[in-house]
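Undergrad: quick one, structure for this:
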Amino acid sequence: MNQHQYSIFTNCMKRAMKCTTPIRRSLLKTISMANGTSSPFKINLVRLQALILVPIFISLSLNVLGQSPSWQWIKSGGADFSLNISQLNLRTKQIGTDGQGNVYGIASVSGTGIALDTLTPVNGYGYDDFVVFSLSCNGDVRWMKTFGSLVDDIPGGIIVDKDGGVYVSGIVIISAYGDAHIADSVIPANNQYLKSFFIAKLDSMGMVKYINFPGAPVSVDVWPIRLEADAQGNPVVLSWFLDSTTWNGHHVDSRGYYLVKFDKSNGALTDIVELDFKFSHNFGPNYESLFFGIDNQNKTIISTGMHDTTYIGNDTIIADLVNYDSLKTILCSFDSLGNHLWHTIVLWKPGIENHQMIFGKPLIIGDNIFVYGQTRSDSASKFLGMSVHNPVAQYNYIITNLVACFDRNDGHFKTMINIKNRKTPIEDVLGKINNKIIISGTNTLVVLNQNDTIKPYNKTNQNLYYPYYAILDTGLTHFENSGATKTVNTNITLRASYLHVDHNGNIYLGGGLSGPVMNSYGDTTYPVTAQENFCIAKIAFTNDSCGCHSPVPYLNLVNFDNNTLTLNGGASFSPDSLYLFWGDGQSSIYSQPGQNISHTYTTPGPWNVCLKAYDYCDITDTCLLNLFSGIFNPNNSTVLSFSAFPNPFNNSFKVQFLENIYHAQIELYDVMGKLMFSTSFSGTLLEINSSTLAKGVYFLKISTHNGAVKVEKLVKQ
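TA: Alright, predicted model coming up:
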């Protein structure tokens with residue numbers, strides 16, 4: 001790559017929108033050739049229906065040319081007035097993406113002047129409504145749908161599958177006082193069908209596929225707090241019920257927290273699971289400060305503040321809201337039936353020496369749970385007994401951001417790392433990227449490693465806050481990558497509320513925006529209204545890292561020594577996992593692609609061996625066919641006696657039987673298991689023309705009608 005090409009490439013990476021697709025493709029090809037890749041394709045010669053072409057692609061990692069992901073764009077929306085319900089905020093509540101890179105969000109709005117970026121403002125239907133909206137991967141607005149009725153309506157959450165199925169939960173009240181609107185669907189006013197809690201599915205263009213209002217036709221106070229997918233991809237709504245009720249045969253015993261589960265295919269209610277977790281208060285749910293996640297075993301992890309006395313399992317935990325003597329935050333776990341497994345309490349005493357707290361959605365990685373936390377910055381400060389040192393804090397009483405790690409199996413505290421901010425921070429959020437942790441929000445100073453510091457801090461104006469992100473290892477030993485962008489005016493904030501990373505490694509930060517913010521290229525995003533605005537920001541290497549790529553696996557035969565088969569292979573586009581299916585009912589995870597892997601057979605075969613590649617977009621496979629292990633019954637081998645000569649051979653070879661045979665099957669295979677020659681033979685001497693065969697190793701297999709089988713190795717020179 002010459003200096004001119006390199007300059008074009010670096011400029012393209014810094015400002016991807018200014019590079020056309022043909023230029024990017026040409027540059028990637030140039031880099032590929034510069035890296036010594038003579039061809040963009042690798043051919044795997046195995047016996048398939050067709051040859052598989054495996055593209056060699058450029059994977060942009062966190063170390064490409066020493067660059068960091070940039071703040072590609074920031075888009076905001078809002079409405080004319082503040083929300084009527086004080087427990088809600090004007091922020092993006094949740095984000096999802098599909099396989100094509102489209103972005104989806106959900107946010108509360110007031111009922112008039114609802115707008116998103118360049119869309120013409122529209123009016124809603126009542127006091128508080130909410131919107132579901134979609135942006136393309138490059139930040140263009142695709143659509144916005146309003147949900148609401150004449151009274152206050154509440155968003156529960158949104159999850160998105162790879163095919164663009166958009167699952168939405170919330171409250172839209174059906175009553176005699178006005179129509180209820182679910183996106184473009186209208187449910188007429190009705191005094192006989194009083195419902196509010198719903199689950200709906202939209203397609204990728206925002207059109208309703210189904211709506212379900214579960215429960216009896218009576219008004220029951222229930223709040224959908226958060227929406228997540230279970231291990232099978234079905235919607236699960238963490239909900240707070242005020243009183244007992246029965247929904248479609250599922251009984252709610254009393255006030256408390258429940259998991260309301262739905263079938264993703266049709267929205268049918270499948271179960272209501274009571275969590276062994278209750279507050280004694282009667283004034284409503286902990287709506288904006290209660291977070292949950294579901295692991296791959298369908299266990300539920302909850303992180304929340306405790307506003308009152310709490311009952312969890314067999315324990316009663318006292319929290320004093322009046323005197324601030326015993327406020328607490330808690331991390332707790334429940335099994336798939338809602339039974340309490342464990343809980344860990346973090347004492348919260350605002351404004352005094354032992355200020356400690358956790359907040360936000362728990363991040364589950366392996367056997368660890370990570371949460372965002374805070375403590376003080378003075379020299380004696382600790383978090384759950386671990387010393388905290390923040391030498392850059394402006395004053396001793398400044399609160400320090402941190403990431404804390406807890407054991408997934410029993411909840412015990414393991415370790416933490418602090419962000420070392422100059423001023424008291426605004427709350428941050430966590431996400432997972434490439435099995436690492438990303439933290440993002442708005443801050444004044446972020447100190448990373450000993451010699452690696454970023455300073456989103458203006459010495460001439462110390463009141464400026466800066467949206468930032470930082471990537472760190474799961475051991476919480478060091479930061480690996482970071483970046484910040486600028487706010488424009490004093491005390492402007494981007495209050496982080498949700499962090500989502502798609503299958504291409506694009507980072508999407510949702511939150512509330514109180515004023516103009518710049519992206520990495522100096523483009524300013526202005527709020528739509530005078531109120532706090534919901535927003536989404538994209539953080540990525542380029543603005544065109546979108547779409548879905550199916551993995552293309554390849555498989556090579558290394559050796560078949562008697563009964564042990566050795567292979568190697570891999571797949572393009574970094575699949576989530578690779579599995580080898582050996583053909584005898586056994587399978588192995590291929591955890592180190594490119595390295596040899598072996599399997600031992602106990603019977604002769606033939607065997608068809610397949611490598612399957614799994615990723616977010618697809619499941620694909622490739623196979624080696626008709627492989628023989630060389631293990632044959634010794635008794636059968638002695639019944640059938642022959643010799644093949646010459647060996648090595650050139651243009652032909654002969655097969656001589658010691659006695660006359662009848663209707664024997666003669667087969668010749670190459671080392672890849674491909675059948676090269678086959679015939680039926682009776683007699684004592686057979687000559688086989690081998691002039692068209694390539695030089696190499698072959699296997700001659702002869703079997704008779706009475707079950708005798710023998711294989712001999714031959715070499716053509």
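
Undergrad: residues in contact with the helix or strand where P155 lies?
TA: Assigned by DSSP states H and E, P155 belongs to strand 154-160. In this structure, residues lying in contact with strand 154-160 by CB atoms under 8 Å, 6 or more residues apart in numbering are 85, 88, 93-98, 104-108, 128, 130, 132, 147, 166-171, 223-229, 235, 237, 239, 287. For every residue, glycine as well, the C-beta is placed using N, CA and C.

Undergrad: 6 Å - rerun?
TA: For strand 154-160, the external contacting residues (CB atoms under 6 Å, 6 or more residues apart in numbering) are 93-94, 96, 98, 104, 106, 108, 130, 166-171, 224, 226-227, 229, 237.

Undergrad: just the CA coordinates for the helix or strand that comes right after that strand, please, in CSV.
TA: Following strand 154-160 in sequence order, the next helix or strand is strand 166-174 (DSSP H and E). Output of strand 166-174 as CSV, limited to C-alpha atoms (Å, rounded to 0.1, in the frame of the first residue of the first chain):
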residue,chain,number,x,y,z
VAL,A,166,-39.9,-6.3,17.2
TYR,A,167,-41.5,-7.4,20.5
VAL,A,168,-43.0,-4.5,22.6
SER,A,169,-44.5,-4.6,26.0
GLY,A,170,-46.2,-1.8,27.9
ILE,A,171,-49.5,-0.3,29.1
VAL,A,172,-52.0,1.3,26.7
ILE,A,173,-55.3,1.6,28.4
ILE,A,174,-58.5,0.4,26.8
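
Undergrad: from G411, how far out is the closest residue to D615 other than its chain neighbours?
TA: Sequence neighbours aside, P575 is the residue nearest to D615 in space, at 4.3 Å (criterion: CB to CB, 6 or more residues apart in numbering). Distance of P575 to G411, given as CB to CB, to the nearest Å: 33 Å.

Undergrad: next, count neighbours for A694.
TA: By other CB atoms under 10 Å, 9 other residues sit near A694.

Undergrad: and if you look at D335?
TA: The tally of other residues near D335 (other CB under 10 Å) stands at 14.

Undergrad: OK, contacts around it?
TA: K299, L341.

Undergrad: residues of the top strand by length along the chain that come out buried?
TA: Longest strand in the chain by number of residues, with DSSP state E as the criterion: strand 652-670. By 16 or more other CB atoms under 10 Å, the buried positions in strand 652-670 come out as F653, V655, F657, I661, A664, I666, E667, L668, Y669, D670.

Undergrad: and if you look at stretch 186-201?
TA: Buried positions in stretch 186-201, judged by neighbour count with 16+ other CB under 10 Å: I187, L194, K195, S196, F197, F198, I199, A200, K201.

Undergrad: re the thing from before, so what strands line up beside the strand holding P155?
TA: strand 166-174 (antiparallel) (DSSP bridges).

Undergrad: and the contacts of the strand it pairs with?
TA: Strand 166-174 is contacted by residues 104, 132, 147, 149, 151, 153-160, 180, 187, 190, 193, 195-197, 199-202, 224, 227, 235, 237 when judged by CB under 6 Å, 6+ apart.

Undergrad: tell me which of those residues fall in strands.
TA: Using DSSP E, the members of the contacts of strand 166-174 that fall in strands are 104, 132, 147, 154-160, 180, 187, 195-197, 199-202, 224, 227, 235, 237.

Undergrad: helix, strand or coil: sort out the residue lying closest to A183 once chain neighbours are set aside for me.
TA: In this structure, A183 finds its nearest non-sequential neighbour in K145, 3.9 Å apart by CB to CB, 6+ apart. Following DSSP: H, G, I helix; E, B strand; the rest coil, we place K145 in the strand state.

Undergrad: count residues in the vicinity of K145, would you?
TA: Using other CB under 10 Å, K145 is surrounded by 22 other residues.

Undergrad: next, the distance between the ends of stretch 665-681.
TA: Length of stretch 665-681, first residue to last, CA to CA, to the nearest Å: 6 Å.

Undergrad: just the residues contacting it, thanks.
TA: If you take CB under 6 Å, 6+ apart as the criterion, stretch 665-681 is touched by 47, 557, 624-627, 663-664, 697-703.

Undergrad: those residues: which two are farthest apart?
TA: Maximum pairwise distance in the contacts of stretch 665-681, criterion CB to CB, is 31.4 Å, between L557 and H663.

Undergrad: got a pLDDT number for P634?
TA: Per-residue pLDDT puts P634 at 39.

Undergrad: cool, C19 as well?
TA: According to the prediction, C19 has pLDDT 36.

Undergrad: follow-up on the earlier one: which one of the buried residues of strand 652-670 sits closest to Y397?
TA: Closest approach between the buried residues of strand 652-670 and Y397, by CB to CB: D670, at 77.2 Å.

Undergrad: tell me the spacing between the closest one and M676.
TA: Plainly put, D670 is 6 Å away from M676 if you go by CB to CB.

Undergrad: just P553 next, same as before
TA: Distance of P553 to M676, computed by CB to CB: 25 Å.

Undergrad: now swap in V655 and tell me
TA: Distance, V655 to M676, by CB to CB: 15 Å.

Undergrad: then V388?
TA: Separation of V388 from M676 (CB to CB) stands at 71 Å.

Undergrad: list the strands paired with the helix or strand following the longest strand of the chain, with their directions.
TA: Per DSSP H and E, the first helix or strand lying C-terminal to strand 652-670 is strand 675-689. If you go by DSSP bridges, strand 675-689 pairs up with strand 652-670 (antiparallel).

Undergrad: how far away from the center of its chain is the strand it pairs with?
TA: 57 Å (CA atoms, centre = their mean, to the nearest Å).

Undergrad: quick one: low-confidence ranges for the stretch 101-250 of the chain?
TA: Across the stretch 101-250 of the chain, the ranges flagged by pLDDT under 70 are 218-220.

Undergrad: quick one on the thing from earlier: sec struct for the residue nearest to D615, please.
TA: Under three-state DSSP, the three-state class of P575 is coil.

Undergrad: bridged to E274, which residues?
TA: Under the criterion used (DSSP bridges), E274 bridges to Y258.

Undergrad: residues near H389, how many?
TA: 12.

Undergrad: er, Y468 actually
TA: Y468 is flanked by 28 other residues according to other CB under 10 Å.

Undergrad: my read is that V552 contacts S572, right?
TA: Yes. At 4.6 Å, V552 and S572 qualify as touching, with contact defined as CB atoms under 6 Å.

Undergrad: okay, the closest residue to H340 other than its chain neighbours: pLDDT?
TA: Sequence neighbours aside, G313 is the residue nearest to H340 in space, at 3.3 Å (criterion: CB to CB, 6+ apart). With respect to pLDDT, G313 scores 87.

Undergrad: how about S545?
TA: Per-residue pLDDT puts S545 at 87.

Undergrad: please report how far F534 lies from N409.
TA: Taken as CB to CB, the span from F534 to N409 is 37 Å.

Undergrad: which parts of this protein are helices?
TA: For the chain, applying DSSP state H gives helices covering 3-14, 21-34, 634-639.

Undergrad: any low-confidence regions in this structure?
TA: 1-67, 218-220, 280-285, 307, 319-327, 348-354, 445-463, 530, 628-639.

Undergrad: which residues touch stretch 394-414?
TA: Residues from elsewhere that reach stretch 394-414, judged by CB under 6 Å, 6+ apart: 331, 342, 344, 367-371, 373-375, 377-378, 384, 388, 390, 415-419, 421-425, 428, 439, 476.

Undergrad: end to end, how far does it reach?
TA: Stretch 394-414 has an end-to-end distance of 28 Å (CA to CA).

Undergrad: now that stretch: buried residues?
TA: For stretch 394-414, a neighbour-count test (16+ other CB under 10 Å) marks 398-406, 408, 411, 413-414 as buried.

Undergrad: could I get the residues you listed as TSV with distance to A216?
TA: Listed next are the buried residues of stretch 394-414 as TSV, based on distance: CB to CB, whole Å:
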residue	distance to A216
I398	52
I399	47
T400	50
N401	46
L402	46
V403	44
A404	43
C405	44
F406	40
R408	38
G411	38
F413	44
K414	46
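
Undergrad: wait, which of the residues you listed is closest to S598?
TA: Within the buried residues of stretch 394-414, proximity to S598 (CB to CB) peaks at R408, which comes in at 33.6 Å.
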